[in-house]
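# the following comprises the amino acid sequence and a computationally predicted model.
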Amino acid sequence: MPLSTQVAWLFLVAIPVACIAWTVTHEEVFKEPREYCLKQSTSRKTLLGRKFFYLFTCEYCFSHYVTVFILILTGYKFLMDDWRGYLLAGFAIVWVANFYMSIFALLKIDIKKERLEAKKEEDQINGKK
């Protein structure tokens, strides 16, 4: 596969990884399981138990596991056609996916800030404080 195609695949495959990792670790739809995992990640007696549950609360950590699943599903390899291509692809996808999630987090903050400012202005116009 040509390098340009591999790079395109890298940036495209990272999108569902970022989407899944962000949704599970941040969005309201997974709030209850995430809160359970957060509680278990601090209260479990064994280190392995705490770390297992922590994986579902950290987008960076969880993105590694989503990446492994996506690599198995797609068979995508980066730069090399053997096991090293899977290894390189895995770390590259995680890096790009986390870059996407960082940008998304910044956008969400900006959007929330704009909404709050608009609400404040609307309240001032309507005579509320």
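Yep, it's here. This structure is a prediction, so every number in the text was calculated from the model and none was measured.
# show me the shaky parts of this structure.
128-129 (pLDDT under 70).
# need the longest helix for the protein.
helix 83-125 (DSSP state H).
# which helices and strands sit right next to that one?
In terms of contacts (3 or more C-beta pairs under 8 Å, 6 or more residues apart in numbering; DSSP states H and E), helix 83-125 is packed against helix 3-26, helix 59-74. Every C-beta, even on glycine, is put in place using the N, C-alpha and C of the backbone.
# how far does the longest one sit from its chain's centre?
Averaging C-alpha coordinates over helix 3-26 and over its chain gives two centres that are 9 Å apart (C-alpha atoms, centre = their mean, to the nearest Å).
# tell me what angle that helix forms with helix 83-125.
Relative orientation of helix 3-26 versus helix 83-125 (axes from the mean of the first three to the mean of the last three C-alpha atoms, to 10 degrees): 50 degrees.
# just the buried residues of the next helix or strand after helix 3-26, please?
Moving toward the C-terminus from helix 3-26, the next helix or strand (DSSP states H and E) is helix 31-43. Using 16 or more other C-beta atoms under 10 Å as the burial criterion, the residues of helix 31-43 that qualify are 34, 37, 40-41.
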